[in-house]
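*Asks:* Quick one, structure for this:
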Amino acid sequence: MARVVCLHGIGQQYGGERELHGDWFPALADGLTRAEAPALDADDVTCAFYGDLFRPRGRTLAARDAPLDAGDVEAGFETELLLALWEEAARTDPAVVAPDARTLVRAPRSVQRALNALGNSRFFAGLAMRALVHDLKQVRAYLCDPAVHEAVQRRAGAAVTDDTRVIVGHSLGSVVAYEALCAHPEWPVRSLVTLGSPLGIRTLVFQRLRTGEGAGPGRWPGRVAHWTNIADAGDAVAPAKDLRPLFGERVVNHLVHNGARAHDATRYLNTPEAGRAVSDGCHLG
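*Replies:* Next up is the predicted model:
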């Protein structure tokens, strides 16, 4: 049974758990090597998968995302998240034109301007407009649609066993991991590792967290003894690099450099910081 459970983020709707494991396990193995930590067997790591829940119905294996454009970005959550990504990308990338005060009206024109600006970002380089819009909709679906939220949480929970000691969450997967641990304090998980996490986006993510009846966002997750948060300085999905102001002083935060692929899960996993965090968690009592 796996000691490490990995939870992916958005944009995985055309993948699968074995394909994901094929990418993530070698990267984590390299991270363990960089940290001079004991190696893990492939069977020690499992990748919970729920990307297919976001796959458009009725499409063949060769199909691509629906041809979405600026007009498909819904007012409210999707627009607010898009503008937040634009603001963070502009802050960290000089190639991105910063939004001005006129953008604050959240008009359809500002949505198109945001998409155009992000198209010049090295962070979003190579990501088609339709894919970015589709990603926005996945985040909204998980955070705002109870049925989708329950289905994702069920997939994540099915991967946790009595042997699981570490949960690694990348991007939206860090939100899934945090909420799952809050909901299941009986789990034996002792270490949480979050990579490129949007948990620090206060209004859009943090304040929407489901942490259990009578508990507000910011509670400590389950029986976790150690929480390591790792972010790249240029990762626009993780604008809050330090999670301590929201989740407490016990969170250990690291800044790493992932090059042009700032948000890439494998670039995070192969760092010594990730390797050390996973190794330490596996050997906690």
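
*Asks:* what about this structure, any weak spots by pLDDT?
*Replies:* Residue ranges of the chain with pLDDT under 70: 58-67, 101-109, 125-129, 213-215, 285.

*Asks:* centroid residue for it?
*Replies:* Centroid-nearest residue in the chain, with Cα atoms, centre = their mean: S171, separated by 1.0 Å.

*Asks:* mind pulling up the phi and psi values for the spatially closest residue to it that is not a sequence neighbour?
*Replies:* Excluding its sequence neighbours, the residue lying closest to S171 (Cβ to Cβ, 6 or more residues apart in numbering) is G9, at 2.7 Å. Bear in mind the C-beta positions are built from the backbone N, C-alpha and C, glycine included. Dihedral pair for G9: phi -100, psi -150, per degrees, to the nearest 10.

*Asks:* Please report phi then psi for the residue nearest to the centre of the chain.
*Replies:* phi 60, psi -130.

*Asks:* Make sure the residue nearest to S171 is actually in contact with D264.
*Replies:* No - contact between G9 and D264 fails when scored by Cβ atoms under 8 Å: they sit 10.6 Å apart.

*Asks:* helices or strands next to the helix or strand E179 falls within in the packing?
*Replies:* Following DSSP states H and E, one finds E179 within helix 172-183. Applying 3 or more Cβ pairs under 8 Å, 6 or more residues apart in numbering; DSSP states H and E, we find helix 172-183 packed against strand 4-7, helix 129-144, helix 146-158, strand 166-170, strand 191-195.

*Asks:* Next secondary structure after the first one?
*Replies:* Going back to what we said before, that points to strand 4-7. With secondary structure assigned by DSSP H and E, strand 4-7 is succeeded by helix 17-34.

*Asks:* And for the last one?
*Replies:* For strand 191-195, the following helix or strand on the C-terminal side (DSSP H and E) is strand 226-232.

*Asks:* could I get that following strand in PDB with only the CA atoms?
*Replies:* Written as PDB, here are the backbone C-alpha positions of strand 226-232 (Å, rounded to 0.1, in the frame of the first residue of the first chain):
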ATOM      1  CA  HIS A 226       4.400  18.700   9.400                       C
ATOM      2  CA  TRP A 227       3.100  20.900   6.500                       C
ATOM      3  CA  THR A 228       5.600  22.000   3.900                       C
ATOM      4  CA  ASN A 229       4.600  24.500   1.300                       C
ATOM      5  CA  ILE A 230       6.800  25.000  -1.800                       C
ATOM      6  CA  ALA A 231       6.400  27.800  -4.400                       C
ATOM      7  CA  ASP A 232       8.200  29.300  -7.300                       C
END
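
*Asks:* what residues does that strand touch?
*Replies:* 190-197, 221, 238, 241-243, 247, 250-258, 262-263, 267-268, 271, 273-274, 277, 280-281, 284 (Cβ atoms under 8 Å, 6 or more residues apart in numbering).

*Asks:* let's go with 6 Å and repeat that
*Replies:* With contact meaning Cβ atoms under 6 Å, 6 or more residues apart in numbering, strand 226-232 is reached by 191-195, 238, 241, 243, 251-254, 256, 258, 262, 268, 273-274, 277.

*Asks:* if we can go back for a sec, could you dump the helices and strands packed on helix 172-183 to CSV with distance to R55 and mean neighbour count?
*Replies:* Formatted as CSV, the helices and strands packed on helix 172-183 follow (distance: least, Cβ to Cβ, whole Å; neighbours: other Cβ atoms under 10 Å):
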stretch, distance to R55, mean neighbour count
strand 4-7, 17, 27
helix 129-144, 10, 20
helix 146-158, 12, 15
strand 166-170, 19, 30
strand 191-195, 23, 28
